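Peer 1: generate a structure from the sequence data that follows.
(2 chains)
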Number of protein chains: 2
Amino acid sequence: MVSPAIRVAPSAANRALNLLRTVQYTHPPTCPCHSNPNHHHHHQTPSLLSHVRRHMATPIDPAREKEYAFEMAASSIRFGPGSTKEVGMDFKNMGAKRVCIVTDSTVTKLDAMKQAVEGLTREGIEFTVFDKVRVEPKDSSVKEAISFAKPYNPDAFLAVGGGSVIDTAKLMNLYTVFPEADFLDFVNAPLGKGLPVTKPLRPLVAVPTTAGTGSETTGTAIFDLVSQKAKTGIAHRNLKPTLGICDPLNTRTMPSAVHASSGLDVLCHSLESWTAIPYNERTPRPTNPINRPAYQGANPISDIFSLQALRSTVQYLPRAVRDPDDHEAQSNMLLAATLAGVGFGNAGVHLCHGMSYPISSQNPGYKHQGYNVDYPIIPHGVSVAVTAPAVFRFTAASNPDRHLAAAEAFGVDISNVKRESAGEVLGAALAEFLLKLGDQPRGLKDLGFKNSDVEGLVEGTIPQQRVLMLAPTLSKELDAEKGELRKLLEESMDY
Amino acid sequence: MVSPAIRVAPSAANRALNLLRTVQYTHPPTCPCHSNPNHHHHHQTPSLLSHVRRHMATPIDPAREKEYAFEMAASSIRFGPGSTKEVGMDFKNMGAKRVCIVTDSTVTKLDAMKQAVEGLTREGIEFTVFDKVRVEPKDSSVKEAISFAKPYNPDAFLAVGGGSVIDTAKLMNLYTVFPEADFLDFVNAPLGKGLPVTKPLRPLVAVPTTAGTGSETTGTAIFDLVSQKAKTGIAHRNLKPTLGICDPLNTRTMPSAVHASSGLDVLCHSLESWTAIPYNERTPRPTNPINRPAYQGANPISDIFSLQALRSTVQYLPRAVRDPDDHEAQSNMLLAATLAGVGFGNAGVHLCHGMSYPISSQNPGYKHQGYNVDYPIIPHGVSVAVTAPAVFRFTAASNPDRHLAAAEAFGVDISNVKRESAGEVLGAALAEFLLKLGDQPRGLKDLGFKNSDVEGLVEGTIPQQRVLMLAPTLSKELDAEKGELRKLLEESMDY
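Peer 2: Got it, this is the predicted structure:
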């Protein structure tokens, strides 16, 4: 397992990429009115006339103003093989006396849970276990979990599992702190009211057992709102776990199929956040920082995480899927999942994720091989990756350089690729990567979708405005937007 | 000010560097005893015999065991021109009713303070202002600040200023929450007791007005312990600000000399954290995660921040120093300072910082030009950079590849450089960078130090064990260590 030492291959590419990143977030030019940033960002080449006009203008509607700042927030992350056993001490250190452990029926039997339970027991901390988390949660399963947590009224939560477990634990925490709230109060608009979370929640320690969602670092929780036939969720920085404990020993228990589909989620997190609209193109500008969304568009810090996660995923995911004993690759995928979590957790995702929600919830009956559940399931990673080749062909026009940099991360020699071919090249690289990974559907048809299902998928995607607003090149006008989504879904029928 | 668009120069260097980063943190090989990580990390090529021996061995003293995990924690960071004015809403959102604003006699007159005061006033939040922070704080000035804060008993702090201001605010916060503590209780061992901070502190929002210390993201506060003739500090994650507001409008007020010296601090933060010993070579392994230091050695996440900050500093610092109207360069230096803060705040610094503390506190009378104070001063950035060429010549043997990658960040073509020349090449690149920056001392002699002062500087460095322990290639044995420090200081007399 000892890796060979390598030499640094020297070149100017690092500096060039660095430059690229930087120049895309141009700050406003010098201007004596700089104490009021509302007056900026509307001119690339200021003239005296435009300057005077700005000062004379009537107040501008902030809803039409572009953002001028970004905010990075992430959970503390501990990474190391065996670190799960420290968790009892962590709760003791934070003064927790009554912990609700959240897990599912599979993970509850694994060593990760054994370590967690032993850790709490060793420190004499009272706890209870909720092990009924549903893989790909529904509102009903979430509500059942909340009903469990409220009467126990823990002073801290411990989530041990994949994204479904960690997301459910975030929601148990939220509604325990806001016991009077209606379930839809915090759900993303327009399906819910999208209210901000105005109080800090209780400490939540997340111990991921998959390398995928990055949920241990984010303030996002996703579930299926059955009545609306749509996946949606709740997103606010206050939902972030206090600490994510990333223990590579815990992902060794993943079956190969779970390595693959959770890794595809990492792939799309990194690609979508890397290509999302820049933060300073997002509208509206929030009038209070509490309303600045976590999904705020690409920014110079999220970029660092997203690109690194993409490179690691390309390098290590095929190895992790192929060889269950390649612990170096598995460990690097766990790190990549967390890095991508910080990236998309502060930049957002867009089309692959937006379309994945109806794909998963309108599943015609597909059951992915290697998943040990008694109901049809399109794993989240599969449902995001299936549209990826079409999506990045479509978005490349918005920023060919970024799409070329992504293609390069897949090992494509882009030295002679024209900028207008960026989408074709990245789409082809993605299709080839998915094909080589093995056991992946070659499009929506393989999942059982027919052409007649496309309209339902379009209708299920439209409510995902929180992520669609970050999609570059997507039309703002509803009919045009639907047409573009329809085309993307049709192109994703097979690739 | 609009930057030209550039194309991505394609190459394999990104992937190679990525590989480099990864292979340096090799995880233990597969082993059935993996549920106890104490049994790992002592063999590169496990044999059945060594495996059996591990299982039969008597318990190992954890003080001699190497670390197996790392932990990343950073303040939330908001970045954007004009974002200072949001700070009143931030305090209102967190429910603060009584805020202590901390600043110094220079910054109190600047627009940053005006924005902060107006922001709090607009939201009707009660506040008081402490504007007596000393540039390069001493224990006496820190104690004066604490005496101001304790009776006011604010429920939150707001620091507006450079590293001295933010560090002082952290200490005011700490000793307001622990009013009965002795001042030395939390001070880094061996000068103080180095006790961990066992309770969360009150919210602290930091608004940096320099691009240097990265203090807005770290849990470190540095000051001069006059009785011991040594700079030292307090370092614990709980000291971290809740939020750093990085507003590029606020660093426009820096004089050119302050741009330069604070930028040199960024340079050394990034270089020292990038070259610090790997986290999994540090001893002792903590028996409780609360004792895992923030300065934990280089790790795969800090690396990303440190290398990016280094590249940005090389690119933008000369521009920021040369042209006071180059706001793009200034803005990028503020971002670089924050990125480097996250990097070294979780990996640590080593020899340049270790030696800088006695250099600053044993100042023979040097007053750096461009600093508006009425006492002799070697700015922190100057005192760290002055030994840098000697330091990285010395440390290169520990990891030539990393030192070559750093040299490449300075624009050196390393394609034909031998690994054994890494130190010479990086040292020369650094010396040239400092020379071209202008107005920098060409070594300790220019600061007024004589050869007869070296012994005092060595003695003043030895107590900095918290950072010296992270120095690669430094001897553990005291006499050898002193000899190496002596040689580094002698080589730094002029370069």
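
Peer 1: list the contacts of A:Val117.
Peer 2: A:Val117 sits next to A:101, A:127, A:129 when contact means C-beta atoms under 8 Å, 6 or more residues apart in numbering or on different chains. (Glycine included, C-beta is placed from N, CA and C.)

Peer 1: could you say what helices and strands the strand or helix carrying A:Val467 packs with?
Peer 2: Following DSSP states H and E, one finds A:Val467 within helix A:465-468. Counting contacts by 3 or more C-beta pairs under 8 Å, 6 or more residues apart in numbering or on different chains; DSSP states H and E, helix A:465-468 packs against helix A:351-361.

Peer 1: quick check: residues of the stretch 301-450 of chain A near chain B?
Peer 2: Residues of the stretch 301-450 of chain A lying near chain B by C-beta under 8 Å from any C-beta of the partner chain: A:301, A:304-305, A:308, A:311-312, A:315, A:325, A:327-328, A:331-332, A:335, A:339, A:401, A:404-405, A:408-409, A:411, A:413-415, A:419.

Peer 1: which of these are buried?
Peer 2: By neighbour count, with 16 or more other C-beta atoms under 10 Å in any protein chain shown, these hold A:301, A:304-305, A:308, A:311-312, A:315, A:327-328, A:331-332, A:335, A:339, A:401, A:404-405, A:408-409, A:414, A:419 as buried.

Peer 1: residues of the helix holding A:Val467 that come out buried?
Peer 2: Buried, per 16+ other C-beta under 10 Å, within helix A:465-468: A:466-468.

Peer 1: just the residues contacting that helix, thanks.
Peer 2: With C-beta under 8 Å, 6+ apart, helix A:465-468 has contacts from A:188-190, A:235, A:293, A:295, A:348-351, A:353-354, A:461-462, A:474, A:481.

Peer 1: among those, which two are most distant?
Peer 2: A:Ala235 and A:Glu481 (21.2 Å; C-beta to C-beta).

Peer 1: quick one, which of these two is more surrounded?
Peer 2: Higher neighbour count among A:Ala235 and A:Glu481: A:Ala235, with 24 against 18, using other C-beta atoms under 10 Å in any protein chain shown.

Peer 1: so who does the more buried one touch?
Peer 2: Per C-beta under 8 Å, 6+ apart, neighbours of A:Ala235: A:188, A:219-221, A:293-295, A:466.

Peer 1: hmm, which two among the residues you listed are most spread apart?
Peer 2: Taking C-beta to C-beta as the measure, these span a maximum distance of 14.6 Å, between A:Ala221 and A:Pro293.

Peer 1: neighbour count for these two, which is higher?
Peer 2: A:Ala221 (27 against 23).

Peer 1: the more buried one contacts A:Leu171, correct?
Peer 2: Yes. Contact criterion C-beta atoms under 8 Å: A:Ala221 and A:Leu171 qualify, at 5.2 Å.

Peer 1: then stretch A:188-195 to CSV, C-alphas only?
Peer 2: Only the C-alpha atoms of stretch A:188-195 are listed here, as CSV (Å, rounded to 0.1, in the frame of the first residue of the first chain):
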residue,chain,number,x,y,z
ASN,A,188,-37.2,25.3,0.6
ALA,A,189,-39.6,27.6,-1.2
PRO,A,190,-41.7,27.4,-3.3
LEU,A,191,-42.7,24.0,-1.9
GLY,A,192,-42.4,25.2,1.6
LYS,A,193,-42.0,28.6,3.3
GLY,A,194,-38.2,28.6,3.3
LEU,A,195,-38.0,30.5,6.6
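
Peer 1: who touches that stretch?
Peer 2: By C-beta under 8 Å, 6+ apart, the residues outside stretch A:188-195 that reach it are A:184-187, A:225, A:228, A:230, A:232-235, A:463, A:465-466.

Peer 1: any of these buried? List them.
Peer 2: Buried among these (16+ other C-beta under 10 Å): A:184-187, A:225, A:230, A:232-235, A:463, A:466.

Peer 1: closest to A:Leu158 out of these?
Peer 2: The nearest member of the buried ones among the contacts of stretch A:188-195 to A:Leu158, counting by C-beta to C-beta, is A:Ile234 at 19.8 Å.

Peer 1: of all the contacts of stretch A:188-195, which comes closest to B:Glu71?
Peer 2: A:Ala235 (25.1 Å).

Peer 1: nearest residue to that closest one other than its sequence neighbours?
Peer 2: Computed as C-beta to C-beta, 6 or more residues apart in numbering or on different chains, the closest residue to A:Ala235 that is not its neighbour in sequence is A:Thr220, at 4.5 Å.

Peer 1: may I have the residues that are in contact with the one you found?
Peer 2: For A:Thr220, the contact set (C-beta under 8 Å, 6+ apart) comprises A:167, A:233-235, A:239, A:294, A:345.

Peer 1: can you check A:Asn173 too?
Peer 2: Residues near A:Asn173 by C-beta under 8 Å, 6+ apart: A:149, A:157, A:201-202, A:204, A:239.

Peer 1: what does A:Arg202 give?
Peer 2: Listed by C-beta under 8 Å, 6+ apart, the contact set of A:Arg202 reads A:154-157, A:173, A:176-177.

Peer 1: re earlier: can I get the contacts of A:Asn173 in CSV with secondary structure and pLDDT?
Peer 2: Output for these, formatted as CSV (DSSP: H, G, I helix; E, B strand; the rest coil; pLDDT from 0 to 100):
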residue, secondary structure, pLDDT
A:Ala149, helix, 98
A:Phe157, strand, 98
A:Leu201, coil, 96
A:Arg202, coil, 97
A:Leu204, strand, 98
A:Leu239, helix, 95
